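Undergrad: Turn this into a structure:
(one chain, ligands or ions: 1)
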Amino acid sequence: MKIGIIREEKNPPDSRVTLSPRHCIALIEQGIDLVVQPSAVRCFPDADYLQNGVPMAEDLSDRDILIGVKEVPIDSLLADKTYFFFSHTYKSQVYNQKLLRAIVDKNIRLIDYEVLTNENNARVIAFGKFAGMVGAHNALWTYGKRTAEFELPRMKDLFDYQAAKEVYGKTKFPNIKIVLTGTGRVAKGAAMVLNDMGFTKVRPIDYVKNEFDKPVYTQLNSFFYAKRKDGEVFDEVLDFYKNPQDYDSDFDHFLPMSDIMINGIYWTNTGPAFFTADQMASPNFKIKVIADVTCDIAPVSSIPSTLRASTIAEPVFGYDPKTKSEVAAFGTDTIDMMTVDNLPNELPRDASEAFGDMFIAHVLPELQKENSEMLNKATIAQNKTLGPDFEYLRDYLEGK
Ligand SMILES: NC(=O)c1ccc[n+]([C@@H]2O[C@H](COP(=O)([O-])OP(=O)(O)OC[C@H]3O[C@@H](n4cnc5c(N)ncnc54)[C@H](O)[C@@H]3O)[C@@H](O)[C@H]2O)c1
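TA: Numbering: from 1, shown residues only. As a prediction, this is how the structure comes out:
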């Protein structure tokens, strides 16, 4: 097995990598044949690999397995190889149809991290925690810039999360109230950052009823933001996940006292939005900053003002609830929207270290097997056709 770590070539550039120098050293010590392609944008400079004896090569044509993070440009795809990356094809994403076509035509085996799951159907490689961490940081960065009550550096400009924690220790956050939605990876990452910032977590009921003389947040699971349309008691979360169309939003309790909302749920297209655009224009709506990590784009979205995804370079846009349209960021009567859709890339060192740990723990042992059920289930393309579990992409592949 000859492994190649490829350079990220997608634009805007992603500085994450699947295996850090630390991981490469460990694998080479185990006798694994591994080569890294040089990169000018990777968060670990080439020198960090070379100084540790990790071989680098521009030409990876002698490798069997090529490992990257984001989509590989079609012209860079090497025929007859096995590739691992986030291809963003399994939901028939229009913008990557040609990429999947090229993968099939070039006889590539494509294994996509997003569909790599264990026997309990849980994903084995995911970046949600880092998206939540950066999402929470950016929410506070936005609030600080808007109010000038405190200042934070951008996460992307800090060396790593440890450096961010040092900044939090020196920052005095005002007595604001934050509502965080979700209980999964994103929400856990966001909660961790809020805790490190010194926010106190309070129960939803206390958050709604009480005033606090310190910064607080509350974290909502679906029971707190949704209710059954038929008026029956909502007591079965799996029913909500399966039949979201039978539920309405129950989020309005949190509108009059929240300064910031951080959205970290997974949202299905038929689920209720938290609030309507009309509600956002009402005097009852006090939220000033929305960090929508979930980031589904309106009108098919859980937040009606997520008009578009923003970028790491320009992370915030303003939303005027009166005109329901985009305006300049950091205004006084408008709402600031932080809708970056590649948040983990602002924390590339930490995200890459975690990525490599997950890859080595869960994927490498599968690669060493003769025939891996996990890898077979995540194979989107192979032998010039679709993988058995991805036949549903046939029309998409054929461009129909
Ligand atoms: N903006 C970014 O850069 C970025 C990066 C990573 C993930 N995301 C997005 O964040 C969202 C959450 O990701 P995650 O990794 O935390 O997911 P997760 O599966 O770990 O957690 C999702 C949570 O959403 C809630 N939920 C509500 N309805 C649900 C349903 N029908 N099915 C499952 N969960 C439901 C639950 O609280 C659950 O714990 C996803 O939409 C993901 O695409 C965004």
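
Undergrad: how close does whichever residue of the stretch 1-150 of the chain sits closest to the ligand sit to residue 242?
TA: Closest residue of the stretch 1-150 of the chain to the ligand, CB to the nearest ligand atom: residue 128 (2.6 Å). Where you see a C-beta, it was placed from the backbone N, CA and C, and this is true even at glycine. Computed with CB to CB, to the nearest Å, the distance linking residue 128 and residue 242 is 21 Å.

Undergrad: who has more neighbours, these two?
TA: Just comparing residue 128 and residue 242: by other CB atoms under 10 Å the higher neighbour count belongs to residue 128, 22 against 11.

Undergrad: Quick check, the more buried one in contact with residue 190.
TA: No. Using CB atoms under 8 Å, residue 128 is not in contact with residue 190; the gap is 9.9 Å.

Undergrad: Tell me how many other residues surround residue 309.
TA: 13.

Undergrad: That one - nearest residue in space that isn't next to it in sequence?
TA: residue 341 (4.0 Å; CB to CB, 6 or more residues apart in numbering).

Undergrad: Now for that neighbour, how many residues are close by?
TA: Counted by other CB under 10 Å, the residues lying close to residue 341 total 18.

Undergrad: Next: residue 77.
TA: Neighbour tally, residue 77, other CB under 10 Å: 17.

Undergrad: Next up, the contacts around the residue of the stretch 151-300 of the chain found nearest the ligand.
TA: Nearest residue of the stretch 151-300 of the chain to the ligand (CB to the nearest ligand atom) works out as residue 184 at 1.8 Å. Counting by CB atoms under 8 Å, 6 or more residues apart in numbering, residue 184 touches 128, 264, 265, 266.

Undergrad: Let's verify the last one: helix, strand, or coil?
TA: Think residue 266. Here residue 266 is recorded as coil under DSSP: H, G, I helix; E, B strand; the rest coil.

Undergrad: Quick check: pLDDT value at the nearest residue to it once chain neighbours are set aside.
TA: Spatial nearest neighbour of residue 266, chain neighbours left out: residue 184 (6.5 Å); criterion: CB to CB, 6+ apart. Looking at residue 184, its pLDDT reads 96.

Undergrad: burial measure for residue 183, as a count.
TA: Around residue 183 there are 16 residues (other CB under 10 Å).

Undergrad: what's the closest non-adjacent residue to it?
TA: residue 221 (4.9 Å).

Undergrad: same deal with residue 115?
TA: residue 378 (4.6 Å).

Undergrad: so who does the one you found touch?
TA: For residue 378, the contact set (CB under 8 Å, 6+ apart) comprises 111, 112, 113, 115, 116, 117, 387.

Undergrad: my read: the last one touches residue 381, true?
TA: If I follow you right, that is residue 387. Yes. At 6.1 Å, residue 387 counts as touching residue 381 under the criterion of CB under 8 Å.

Undergrad: My guess is residue 384 contacts residue 102. True?
TA: No. Taking contacts as CB under 8 Å, residue 384 lies outside contact range of residue 102: 11.6 Å.

Undergrad: Looking at the two, which is more packed in?
TA: residue 102 (18 against 11).

Undergrad: how near is residue 60 to residue 356?
TA: For residue 60, the distance to residue 356 - CB to CB - is 18 Å.

Undergrad: picking that back up, now the phi/psi pair for the residue nearest to residue 309, please.
TA: For residue 341, the backbone dihedrals (degrees, to the nearest 10) come out as phi -100, psi 0.
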